[in-house]
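> Quick one, what's the 3D model for this:
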Amino acid sequence: MLLSDAGYACPGVSVRIPEQIEAPAGYGPLLTVHAKGDQIYQCAVSKGEYSWVIQAPDAKLFDGQGQIVGNHSAGPLWEYKEASRVVGKIVKKLAVNPEIAISWLLVEVVKNNHKGLLADVKFINRVNTHGGLPPVLGCDANHLGGERRVPYTADYIFYGAN
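Residues are numbered from 1 along each chain as shown. All right, here's what the predicted structure looks like:
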């Protein structure tokens, strides 16, 4: 599916959504925003192996004029400026540029406060990602429990029933 900027809050966003992460049939885009912030990782140990484990995003959401319109945080949770709020669960991931960016996603909304612009949102895509990958070094016994913030950007497309 090709999405262009017509009718979105984020003009200039044009992307081909790979089939693997398309929203189900019967759902169309309601809103697109640009996110800029950090992915937060924590140093953890599992089965004797140290690694950076994703904890949460911490990002601001922007409209096409560069104005802050919301936040994206742990949950994952998206909040829009007029008190709209949705929480999602990742349904599918697609590593588009795994050497330089976190995966593109299809997220299903599992909780919605049914207010404002996000009231009818059922699915969300994360696309056009840059950065956000876990740190390569620095997770060992000396850093266990430590956190690192890694800058990232992405576009989020919110879908509702047609």
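> Could I get the full set of strands for the chain?
2-3, 15-16, 27-46, 49-62, 68-73, 77-80, 85-94, 104-112, 121-131, 147-161 (DSSP state E).
> Give me the buried positions along the fourth one.
Of all the residues in strand 49-62, those buried under the rule 16 or more other C-beta atoms under 10 Å are Tyr50, Trp52, Ala56, Pro57, Ala59, Leu61, Phe62. All C-beta atoms are positioned from the backbone trio N, CA, C, and that covers glycine.
> what does the fifth one give?
Of the residues in strand 68-73, Val69, Gly70, Asn71, His72 count as buried by neighbour count, 16+ other C-beta under 10 Å.
> What distance do you get for the residue lying closest to the third one once chain neighbours are set aside to Val15?
Meaning Asn71. Using C-beta to C-beta, 6 or more residues apart in numbering and skipping residues adjacent in sequence, the residue nearest Asn71 is Glu79, 4.8 Å away. The gap separating Glu79 from Val15 is 23 Å, by C-beta to C-beta, to the nearest Å.
> do the same with Ser51
Applying C-beta to C-beta, the value for Ser51 to Val15 is 30 Å.
> gap between the residue nearest to Leu133 when sequence neighbours are not counted and Ala44?
Among residues not flanking Leu133 along the chain, Ile102 sits closest, at 6.0 Å (C-beta to C-beta, 6+ apart). Distance of Ile102 to Ala44, given as C-beta to C-beta: 18 Å.
> Which residue, other than its chain neighbours, is closest to the residue nearest to the spatial centre of the chain?
With distances taken as C-alpha atoms, centre = their mean, Arg126 lies nearest the centre of the chain, 4.6 Å away. Nearest non-adjacent residue to Arg126, counting by C-beta to C-beta, 6+ apart: Leu105, 4.2 Å away.
> Model confidence score at Ala101, please.
Per-residue pLDDT puts Ala101 at 98.
> which residues touch it?
Ala101 makes contact with Thr129, His130, Gly131, Gly132, Leu133, Tyr152 under the criterion C-beta atoms under 8 Å, 6 or more residues apart in numbering.
> separation between it and Ala25?
Distance, Ala101 to Ala25, by C-beta to C-beta: 28 Å.
> Same check on Leu94?
In this view, Leu94 and Ala25 are 18 Å apart by C-beta to C-beta.
> can you tell me which residues contact the nearest residue to Pro18 once chain neighbours are set aside?
Spatial nearest neighbour of Pro18, excluding adjacent residues (C-beta to C-beta, 6+ apart): Leu94 at 5.7 Å. Each residue near Leu94 by C-beta under 8 Å, 6+ apart is listed here: Pro18, Gln20, Ile21, Ser103, Trp104, Leu105.
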